[in-house]
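Enquirer: What follows is a predicted protein model with its sequence.
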Amino acid sequence: MPVPTHPLAMTLAELKTALSGDPEQLLQLRLPGGDPVPVSFHITEVGQVTKDFIDCGGTRRTVTTCQLQAWVGPDDDHRIHAGKLLGILRKGAPLFGSEDIPVEIEYEHGLISQYPVSSIGMVEGALVFSLTTKHTDCLAKELCVPRGTVPAMFAKAFAKPASCCGPGGCD
């Protein structure tokens, strides 16, 4: 069973469309807090990442993403442009069964993290990728969250009563 993707994540098809407008357009990355990634970043990998797992309710699930690794090298004069990234994506095309998968940027900023691309827009003459955060979630809330422990503000997300677990939740 597929897992819902990040609600704001841009798909590979949407990314390719955004890049195809002007191949000479420079690219920038903005981290979730608004801080920019140094403009001398390189895209060093393109890949399809598939995660198969069993959630805490026993349901098998799969998540597939297009992951682009951004690395900041020592060459401060380096700048990546839309045409270059589009070429990298074309080389990686045989990896993807579908272009309807979310795109994430893997970047090391203290820790190696994956950031979904939420949007791309023109800012000061560059295509700026706005990155957002990922969050953990219980995918079997109806089975694993003990009744009576959910704050009122989250009640809709936990609407079904617990049926398999005792008062302590699932083991």
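Expert: Right, received. Where do you want to start?

Enquirer: For the rest of this, base every contact and every neighbour count on C-alpha atoms.
Expert: Will do.

Enquirer: can you pull out the strands in the protein?
Expert: 26-30, 41-54, 60-72, 103-109, 111-123, 126-131 (DSSP state E).

Enquirer: The ones you listed into TSV, with extra columns for mean neighbour count, mean pLDDT and distance to residue 140?
Expert: Putting the strands of the chain into TSV (neighbours: other C-alpha atoms under 10 Å; pLDDT from 0 to 100; distance: least, C-alpha to C-alpha, whole Å) gives the following:
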stretch	mean neighbour count	mean pLDDT	distance to residue 140
strand 26-30	21	96	33
strand 41-54	15	96	10
strand 60-72	18	96	11
strand 103-109	20	95	25
strand 111-123	17	95	23
strand 126-131	20	96	27
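
Enquirer: and stretch 130-145, which residues are buried?
Expert: 130-133, 139-145 (16 or more other C-alpha atoms under 10 Å).

Enquirer: Tell me which of those residues has the lowest pLDDT.
Expert: Ranked by pLDDT, these bottom out at residue 145, which has 72.

Enquirer: Please narrow the buried residues of stretch 130-145 to those residing in helices.
Expert: Using DSSP state H, the subset of the buried residues of stretch 130-145 located in helices is 141-144.

Enquirer: longest helix of this protein?
Expert: helix 82-92.

Enquirer: residues in contact with residue 88?
Expert: Residues counted as contacts of residue 88 (C-alpha atoms under 8 Å, 6 or more residues apart in numbering) are residue 46.

Enquirer: quick one: buried residues of the longest helix of the chain?
Expert: Under the neighbour-count criterion of 16+ other C-alpha under 10 Å, helix 82-92 has 82-86, 88-89 buried.

Enquirer: Nearest to residue 60 among these?
Expert: Within the buried residues of helix 82-92, proximity to residue 60 (C-alpha to C-alpha) peaks at residue 89, which comes in at 29.6 Å.
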